[in-house]
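Enquirer: I'd like to go over a predicted model; first the sequence, then the structure.
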Amino acid sequence: MLFNEAKKYIPGGVNSPVRAFGLVEGDPLFINRASGSLLYDEDGDAYIDYVGSWGPMIFGHSHPKIQNAIAEKLPFSTSFGAPTKDETTLAQKIVRMLPDVDKVRLVNSGTEATMTALRLARGFTGRDLVLKFEGCYHGHSDAFLVKAGSGATTGGNPSSAGVPDAVIQNTILAKFNDLSQVASLFLKHGYHIAAVIVEPVAGNMGCIPPKDNFLKGLRFLCDQFGTVLIFDEVMTGFRLAKGGASEHFRVKADLLCYGKIIGGGLPVGAVAGKSRIMDHLAPDGPVYQAGTLSGNPLAVAAGNAQLSMLEEDQELYERLEEKGKVLEKAFNDLKMQGFPIWVNRVGSMISVFFTGAEVKNYDDALNSDIGLFRQFFHEMLKNKVYIPPSPFETWFISDTTSSEMLTETIELINETIKKVYASQLIES
Ligand code: PLP
């Protein structure tokens with residue numbers, strides 16, 4: 001009913017495609033409010049939330065510190081279009097927490113961050129080509145909508161209509177975790193490649209960790225050929241560690257893209273890096289980038305509150321790791337019992353795939369059984385556990401995901417996986 005009404009006025013009834021439940025079918029939940037790790041729909045039903053607004057809610061929904069920070073700034077106006085000292089405070093915090101960063105440009109979304117990073121890399125190197133990985137999603141700008149993960153996969157359109165061939169001729173594709181393929185591409189095109197962009201832990205073809213030397217190998221090749229290495233840390237930034245995946249895997253990128261978490265749930269993104277590259281951005285340099293609402297005072301207030309909490313909390317990542325382990329073990333126990341499932345996890349990012357084989361790249365992810373995932377998803381939803389409505393997305397665990405919630409979720413997972421595979425046997 002709500003969905004039908006929305007569809008009359010909004011294309012597909014949603015303002016971002018994955019929300020439409022296209023891959024799992026059925027009507028999406030319409031959410032009214034959320035608190036901690038509980039989402040409440042318009043009927044007042046509560047769900048345990050493993051989507052976390054696709055990442056930002058690391059401390060759970062409606063955290064009082066974030067709400068108060070926004071409330072304090074609200075009476076002063078919602079936008080100035082002029083600099084504020086809070087923007088500098090936010091940039092200072094980011095620089096303090098990221099050892100390889102001198103400067104930060106705030107934008108409004110992850111898409112803007114990656115788009116800006118690519119233009120900056122091109123302007124800095126004077127080269128055009130960008131190398132991206134199949135199944136990685138870097139927002140919806142033209143250059144990256146080639147074999148993109150997330151909603152682009154969910155909708156069955158690995159690439160998008162409306163993207164001119166001329167634009168994507170400058171985009172080279174490689175398989176995630178296939179360093180020898182990347183090396184061959186460098187041998188062929190190396191001195192024309194402006195940037196390699198990668199999700200250091202892929203989160204948009206489900207969660208896929210990098211193999212041992214994959215990120216280090218990318219660093220090495222970029223150094224040899226003078227290419228800018230961009231880590232798209234829109235999901236992993238401040239989630240896997242204060243220093244994101246770069247800290248977790250001890251690999252330095254030249255440019256880092258952020259979104260989600262640094263806005264505490266309000267729209268903020270950022271590009272960050274060393275001054276030698278960042279100073280090429282306008283107004284100091286020739287690479288143009290701008291935004292009327294960039295550094296919006298309410299979004300910056302929320303971001304400052306969330307980053308202070310992240311900076312002060314010395315045990316957050318250990319707590320998240322423990323929770324992640326518990327969930328991962330539940331899936332691995334089922335695997336040991338003979339159910340053909342595969343689980344990937346890094347910290348509080350986790351996904352289950354309905355395949356017995358290892359999932360290490362996009363092809364492997366696409367080989368998992370979507371029909372089984374669909375049944376699994378709906379059974380979980382019926383029992384009030386809200387996971388991403390696609391196997392090509394990552395579940396996010398939050399600090400407010402309690403051990404009771406995990407126990408309830410695991411009991412449900414056990415029942416549901418058994419049910420899903422039993423129904424498959426009946427059908428065959
Ligand atoms: N990069 C990654 C890794 C993402 O996961 C996303 C969104 O999910 C983006 C970029 C785009 O961010 P936004 O949706 O804020 O434009």
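Expert: Sure, I can see it. Computed from a prediction, not measured in an experiment: that's the story for all the values here.
Enquirer: Could you list the residues of the stretch 101-250 of the chain in contact with the ligand?
Expert: By CB under 6 Å from any ligand atom, the residues of the stretch 101-250 of the chain that approach the ligand are 109-111, 114, 137-139, 150, 199, 203-204, 232, 234-235. To be clear about C-beta, it is placed using only N, CA and C from the backbone, and glycine gets the same treatment.
Enquirer: Next, count neighbours for Ala282.
Expert: 12 (other CB atoms under 10 Å).
Enquirer: Next one: it relative to Arg119, how far apart?
Expert: Distance, Ala282 to Arg119, using CB to CB, to the nearest Å: 10 Å.
Enquirer: Mutual contacts of the two, please.
Expert: 288-289 (CB atoms under 8 Å, 6 or more residues apart in numbering).
Enquirer: related to what we said a few turns ago, pick the one among the residues of the stretch 101-250 of the chain next to the ligand closest to the ligand.
Expert: If you rank these by distance to the ligand using CB to the nearest ligand atom, Gly110 comes first, at 2.2 Å.
Enquirer: check contacts around the nearest residue to the closest one once chain neighbours are set aside.
Expert: Leaving aside its chain neighbours, Gly110 sits nearest to Gly259 (3.1 Å; criterion: CB to CB, 6 or more residues apart in numbering). Counting by CB under 8 Å, 6+ apart, Gly259 makes contact with 55, 109-110, 113, 234, 237, 268-270.
Enquirer: In strands, which of those fall?
Expert: Judged by DSSP state E, strands contain the following of the contacts of Gly259: 269-270.
Enquirer: Output the contacts of Gly259 in JSON lines; the columns should cover pLDDT, distance to Lys85 and neighbour count.
Expert: Formatted as JSON lines, those follow (pLDDT from 0 to 100; distance: CB to CB, whole Å; neighbours: other CB atoms under 10 Å):
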{"residue": "Gly55", "pLDDT": "96", "distance to Lys85": "27", "neighbour count": "24"}
{"residue": "Ser109", "pLDDT": "98", "distance to Lys85": "23", "neighbour count": "18"}
{"residue": "Gly110", "pLDDT": "98", "distance to Lys85": "25", "neighbour count": "27"}
{"residue": "Ala113", "pLDDT": "98", "distance to Lys85": "22", "neighbour count": "31"}
{"residue": "Val234", "pLDDT": "98", "distance to Lys85": "26", "neighbour count": "30"}
{"residue": "Gly237", "pLDDT": "97", "distance to Lys85": "23", "neighbour count": "32"}
{"residue": "Val268", "pLDDT": "97", "distance to Lys85": "16", "neighbour count": "31"}
{"residue": "Gly269", "pLDDT": "98", "distance to Lys85": "20", "neighbour count": "27"}
{"residue": "Ala270", "pLDDT": "98", "distance to Lys85": "17", "neighbour count": "29"}
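Enquirer: Tell me, how many residues neighbour the closest residue to Asp45 other than its chain neighbours?
Expert: Closest residue in space to Asp45, ignoring its immediate chain neighbours: Lys384 at 6.7 Å, by CB to CB, 6+ apart. By the measure other CB under 10 Å, the count of residues near Lys384 is 16.
Enquirer: coming back round to it: looking at pLDDT only, which of the residues of the stretch 101-250 of the chain next to the ligand scores worst?
Expert: When those are sorted by pLDDT, the bottom entry is Ser150 at 70.
Enquirer: OK, contacts around that one?
Expert: Ser150 sits next to 18, 137, 204, 392-393 when contact means CB under 8 Å, 6+ apart.
Enquirer: and if we set it to 6 Å?
Expert: Residues counted as contacts of Ser150 (CB atoms under 6 Å, 6 or more residues apart in numbering) are 137, 204.
Enquirer: Could I get the full set of helices for the stretch 301-428 of the chain?
Expert: 316-336, 362-366, 370-382, 403-427 (DSSP state H, counting those that start in this stretch).
Enquirer: Could I get the phi/psi values of Ala148?
Expert: phi -90, psi 150 (degrees, to the nearest 10).
Enquirer: So which residues of the stretch 101-250 of the chain form helices?
Expert: Using DSSP H, counting those that start in this stretch, helices in the stretch 101-250 of the chain cover 110-125, 151-154, 165-168, 179-189, 214-225, 244-249.
Enquirer: Next one: the residue lying closest to Val95 once chain neighbours are set aside from the ligand, what distance?
Expert: Spatial nearest neighbour of Val95, chain neighbours left out: Val101 (5.3 Å); criterion: CB to CB, 6+ apart. Remark: distance between Val101 and the ligand (CB to the nearest ligand atom, to the nearest Å) = 18 Å.
Enquirer: Pretty sure Val101 sits against Lys93.
Expert: No. The criterion here is CB atoms under 6 Å, and Val101 misses it with Lys93 at 10.9 Å.
Enquirer: rewinding a little: run a quick neighbour tally on the residue nearest to Val95.
Expert: Neighbours of Val101 (other CB under 10 Å): 23.
Enquirer: Ok, Gln67 next?
Expert: Neighbours of Gln67 using other CB under 10 Å come to 15.
Enquirer: before we move on, what about the one 4 residues further on?
Expert: A total of 12 residues lie near Ala71 under the criterion other CB under 10 Å.
Enquirer: Ok, Thr116 next?
Expert: A count of nearby residues for Thr116, using other CB under 10 Å, gives 24.
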